[in-house]
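Q: Got a predicted model here, sequence first, then my questions.
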Number of protein chains: 2
Amino acid sequence: MRRAATHAHILEAAWALARRDGIAAIALRDIAGRVGMRAPSLYTYFPSKNALYDAMFAEGARQLAETLASRRKDADPGETLRARVQLFIAFCMADPVRYQLLFERPIPGFEPTQDSLDIMLSALAGTRTDLEAVGIHGERALDLLRALITGLISLQVANDPGGDRWTRLQEEALEMFLAHYAHRAANVK
Amino acid sequence: MRRAATHAHILEAAWALARRDGIAAIALRDIAGRVGMRAPSLYTYFPSKNALYDAMFAEGARQLAETLASRRKDADPGETLRARVQLFIAFCMADPVRYQLLFERPIPGFEPTQDSLDIMLSALAGTRTDLEAVGIHGERALDLLRALITGLISLQVANDPGGDRWTRLQEEALEMFLAHYAHRAANVK
DNA sequence: GTCTATATCCAGATAGAC
DNA sequence: GTCTATCTGGATATAGAC
C-alpha cells in the first residue's frame, strides 16, 4: 500500500530530524516538509505527536529485540553473555537519540503505551536467562549489571560522543562483575 | 541588600517549580508569580533565562562542593572513599532535578558558563585523591568508578524515584570495584 | 524597580474547501 | 488525502510609562 510507505517515510523523516536537533525538538512542520507535505496532513497518519513518538519507540524496541536475538550463542555461556552485552552497547552507541528515547524520559508529557513497553520488555527478557546460564541468579545481580552497563553508555553519550572512552571499558567491567559473583559463590561453598 | 534577597528569592522559586514541573519546563511567568512579580521584572535580576539556569547550576555545584568537602576523613582511606561515594549518591537522590541539571543536559540550548563548570570541577577533583589513597591509580579506574556510580543513580532516578532499588547496591558495587583492583594489584606482584 | 503593553516567534491541533 | 486558514496557547524578550 502507498499508505504504509508514506507512514514509514514519515517515521524516517522524524528520526532524521531527531538525530539532527534532538528528540524533543522535532516539529511537525519540519517532518512534514521532509516528506513534501504540510503539517496537518500528518494527522492522517498519526492522531497526535505523541502517537508519532510512540511509533518511534516501538520501532526502536523492535530493532533492539532483533539485535539481541541475533547474538552469537556460544557453547560457553560466558561468551553468550559477553556477546549480549557487546551487542547492547553497540546498539545504543549506533544511535544515541534512539537510546535516549528508549531508555530515558527525554520528552515531557510523553510515555510509551503499554503495547510499546511490552516490546521493550520482551527484548530485554533474555538477559536474565543469559545471566542464569553462567550461574548468577537474583534481582540484585541483574540490577547491578544493568547499572554498570547503563553507566558506561550514559557517560559515553554525554561526555564523549563518537569516542570510546567508556565503551572500551566494557570487557573490564564485565570481568569485574563476573569475578565478583564467582568469588561470592566460592565463599558460600 | 534587598536586591540580593530578591535574587535569592527568585532562585528559590525557580527550584521549586523545577522540582514540580521538570527543569526544562519552568516558565518565567510562573517564577515571577511565585515572588509576587510579573515576568519582565525578572530581567532586572537576570539578563536572560539561560543566565538564571546558569545561576542555578552554580548554586548546585557549590552545594555539591560543600557536601563532598564535609565527608568524614577516616584513618582508613577505604572508609574515606566509601564516605565520598555515599555522600555523593545521597546528594544526587536528595534532589533529582538538581542532579539532572548538574550531570545531564536536560535543557536544549543551555550550557553552563566556564565559571560554573569550574565550580563543578573543583567539587569533583578530590575523587582522584581519595582513589589514589587506596592505591588505585589511573584514568581508567576513575572512569569505571564513575560509570558504576552514574549507572546506579540514573537507574534509580529514572525507574524507582523515591525508592532504593539501586542505591542500596552501592556498598556491594564499591566492594566489587575495590576487590577488582586489589586482585589486579596482587597479580602484578 | 516594577509595571503594562507589545513584539516576535513558535508550537500542536482542528475546520472545512477541494 | 491534502491543502489553506485558523484556533489556541505558549514562550522569551523589549519599550516605555510610572
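A: The structure has been received and is ready for your questions. Since the model is a prediction, treat every value here as computed from it, not as a measurement.
Q: Hmm, A:T67 and A:L87 touching each other?
A: Yes: with contact defined as Cβ atoms under 8 Å, A:L87 reaches A:T67; the gap is 5.7 Å. Every C-beta, even on glycine, is put in place using the N, C-alpha and C of the backbone.
Q: wait, what's in contact with the nearest residue to A:V85 once chain neighbours are set aside?
A: Of all residues not flanking A:V85 in the chain, A:L174 sits nearest, at 5.7 Å (Cβ to Cβ, 6 or more residues apart in numbering or on different chains). Contacts were defined as Cβ atoms under 8 Å, 6 or more residues apart in numbering or on different chains; by that measure A:L174 touches A:L81, A:R82, A:V85, A:L148.
Q: so the most centrally placed residue in chain A is in which element?
A: The centroid of chain A falls nearest to A:Y99 when counting by Cα atoms, centre = their mean (4.6 Å). In the assignment (DSSP states H and E), A:Y99 maps to helix A:96-103.
Q: To what extent is A:R84 buried, counted in neighbours?
A: 21 (other Cβ atoms under 10 Å in any protein chain shown).
Q: just A:D95 next, same as before
A: 16.
Q: Look up phi and psi at it.
A: Per-residue torsions, A:D95: phi -160, psi 90 (degrees, to the nearest 10).
Q: Look up how far DNA strand D lies from the residue in chain A positioned nearest to chain B.
A: Closest to chain B within chain A is A:G151: 2.8 Å, counting by Cβ to the nearest Cβ. Using Cβ to the nearest atom of the strand, to the nearest Å, one obtains 32 Å as the distance from A:G151 to DNA strand D.
Q: Excluding chain neighbours, give the residue nearest to that residue in space.
A: Going by Cβ to Cβ, 6+ apart, A:G151 has B:G151 as its nearest residue, at 2.8 Å.
Q: Need the pLDDT of that neighbour.
A: What the model reports for B:G151 is a pLDDT of 98.
Q: Go ahead and confirm it touches A:R146.
A: Yes: counting by Cβ under 8 Å, B:G151 touches A:R146, with 7.3 Å between them.
Q: between these two, which one's more packed in?
A: B:G151 (27 against 17).
Q: residues contacting that one?
A: A:R146, A:A147, A:L148, A:I149, A:T150, A:G151, A:L152, A:S154, B:W166.
Q: for chain A, which spans come out with low pLDDT?
A: Within chain A, the stretches with pLDDT under 70 are A:189.
Q: that older thread, out of the contacts of A:L174, which is most surrounded?
A: A:L148 (26 neighbours).
Q: Quick one: classify that residue as helix, strand or coil.
A: Secondary structure, DSSP: H, G, I helix; E, B strand; the rest coil: A:L148 is helix.
Q: Tell me, how many residues neighbour A:A8?
A: Applying other Cβ under 10 Å, we find 13 other residues in the vicinity of A:A8.
Q: cool, A:Q86 as well?
A: 16.
Q: Noted, bye for now.
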